[in-house]
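Engineer: Below: sequence and its predicted model.
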Amino acid sequence: MNRCLIHHVSHLYRLLVPGLALVAWLAVLAPAPAAAQALQRNFPPAALRGMLQVTQSPEVLLNGTPDRLSPGARLKDTFNRLVTPASLSGQTYLVNYVRNPLGQIHEVWLLTPQEAEEKRSGMEPNYRFASELDQPKQ
């Protein structure tokens with residue numbers, strides 16, 4: 001039985017130094033959180049904008065009216081990660097969405113504040129007030 005303390009310390013040192021060097025090197029190579037936030041997402045031209053609230057999946061409210069998610073619907077958060085409809089239950093989000101050929105909501109993107117500022121169709125009302133009749137629609 002070796003009771004030499006110097007042997008144990010030098011052995012521990014030989015194990016720790018390469019491990020710490022590896023951790024430091026990975027920290028340098030890891031992307032910064034600010035770089036992940038600068039993700040530029042390109043939405044399809046057919047994507048519409050609306051307010052989505054998941055009531056009980058696959059049932060949702062889209063702009064306050066009942067609607068339905070398609071089987072296999074893909075919901076993506078602001079970092080473009082897939083999320084489950086149940087994790088969004090009860091909250092209202094500004095989204096871009098695309099419907100499938102059956103009219104069900106198939107793809108949904110939760111929007112960042114910067115993406116929300118961009119103009120997109122889908123939020124315009126289907127009525128006009130009398131005061132707007134003589135003005136062109138914007």
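Structural biologist: Perfect, thanks for sending it.
Engineer: going forward, measure contacts and count neighbours with C-alpha atoms only.
Structural biologist: Fine.
Engineer: What is the neighbour count of residue 117?
Structural biologist: 9 (other CA atoms under 10 Å).
Engineer: Residue 82 too?
Structural biologist: 13.
Engineer: all strands of this structure, in order?
Structural biologist: For the chain, the strands defined by DSSP state E cover 48-56, 59-62, 65-76, 82-83, 92-99, 105-110.
Engineer: Of those strands, which is nearest residue 14?
Structural biologist: Residue 14 lies closest to strand 82-83 among the strands of the chain, at 42.1 Å (CA to CA).
Engineer: neighbouring contacts of that closest one?
Structural biologist: 74, 75, 76, 77 (CA atoms under 8 Å, 6 or more residues apart in numbering).
Engineer: In TSV: those residues, plus neighbour count and distance to residue 112.
Structural biologist: Conversion of those to TSV gives the following (neighbours: other CA atoms under 10 Å; distance: CA to CA, whole Å):
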residue	neighbour count	distance to residue 112
74	18	17
75	21	14
76	18	11
77	16	9
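Engineer: Could you point out which of the residues you listed is nearest to residue 111?
Structural biologist: Using CA to CA, the contacts of strand 82-83 come closest to residue 111 at residue 77, 7.5 Å.
Engineer: before we move on, the earlier item: quick one: the strands of the chain as CSV, columns for mean pLDDT and distance to residue 18 too.
Structural biologist: Formatted as CSV, the strands of the chain follow (pLDDT from 0 to 100; distance: least, CA to CA, whole Å):
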stretch, mean pLDDT, distance to residue 18
strand 48-56, 94, 49
strand 59-62, 95, 52
strand 65-76, 95, 39
strand 82-83, 96, 36
strand 92-99, 95, 47
strand 105-110, 97, 42
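Engineer: Adding distance to residue 39, write those out as a markdown table.
Structural biologist: Compiled in a markdown table, these are given as follows (distance: least, CA to CA, whole Å):
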| stretch | distance to residue 39 |
| --- | --- |
| strand 48-56 | 19 |
| strand 59-62 | 26 |
| strand 65-76 | 13 |
| strand 82-83 | 15 |
| strand 92-99 | 16 |
| strand 105-110 | 13 |
